[in-house]
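A.B. asks: show me the folded form of this:
(one chain, ligands or ions: 1)
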Amino acid sequence: MSSVVSNPSFSNSKPISLKRNFEDIGWDYGVLVDPDNLNRIKCKLCGLQVSAQIYWLKLYIAGIRGQVRACKNSTKEDKERCKKAIDDSKHVNMARLTEQQEVRDTVDLVGAPDADDDTTMAEVEELDGGWREDH
Ligand SMILES: [Zn+2]
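C.D. replies: Sure thing, here's the model as predicted:
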């Protein structure tokens, strides 16, 4: 019987300090047109060239409305990926400008009929109040 050597639990978590910009998922969808200009990006999916940051391209691929227009060639899967990437890297929270408007419906409760049980006791007995006297 061979004894299973269990891994000594040493923490292998070194801090990921250098998060380079080029590891951004946005570069899966965009390429630099001009190496000297990082803000000149071409969409791989449709070929559109934009002057914007890579963050913008993710919005563009994800099709998040309000800020940019959506890439016409991005698939649903592409959108999901970019949305997730945007969520993960909470750079700016500018993509969330949707205001929820609550429409309140006033509900009127109708339907409980009043039992009109108004028995009027209008029976008044006339008393003969005068008494006659016979002389
Ligand atoms: Zn595109």
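
A.B. asks: contact residues of the protein facing the ion?
C.D. replies: Counting by Cβ under 5 Å from the ion, the chain comes close to the ion at 43, 45-46, 48, 71. Just so you know, the C-beta spots here come from the backbone N, C-alpha and C atoms, and that holds for glycine as well.

A.B. asks: max pairwise distance over those residues: which two?
C.D. replies: The distance between the two most remote of the residues of the chain next to the ion (Cβ to Cβ) is 8.4 Å, for Leu45 and Leu48.

A.B. asks: low pLDDT regions in this protein?
C.D. replies: Along the chain, segments meeting pLDDT under 70 span 1-22, 67, 90-135.

A.B. asks: what about Val68, helix or strand, and which?
C.D. replies: Taking DSSP states H and E as the definition, Val68 sits outside all helices and strands.

A.B. asks: returning to what we had before: report the buried members of the residues of the chain next to the ion.
C.D. replies: 43, 45, 48, 71 (16 or more other Cβ atoms under 10 Å).

A.B. asks: from the residues you listed, which is closest to Asp24?
C.D. replies: Nearest to Asp24, judged by Cβ to Cβ, of these is Cys43 at 14.4 Å.

A.B. asks: quick one: residues contacting the closest one.
C.D. replies: 29-30, 49-50, 57, 60-61, 71, 73 (Cβ atoms under 8 Å, 6 or more residues apart in numbering).

A.B. asks: would a markdown table of the residues you listed with secondary structure and distance to Cys82 be doable?
C.D. replies: Formatted as a markdown table, the contacts of Cys43 follow (DSSP: H, G, I helix; E, B strand; the rest coil; distance: Cβ to Cβ, whole Å):
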| residue | secondary structure | distance to Cys82 |
| --- | --- | --- |
| Tyr29 | coil | 7 |
| Gly30 | strand | 11 |
| Gln49 | strand | 18 |
| Val50 | strand | 15 |
| Leu57 | helix | 8 |
| Tyr60 | helix | 8 |
| Ile61 | helix | 4 |
| Cys71 | coil | 9 |
| Asn73 | coil | 13 |
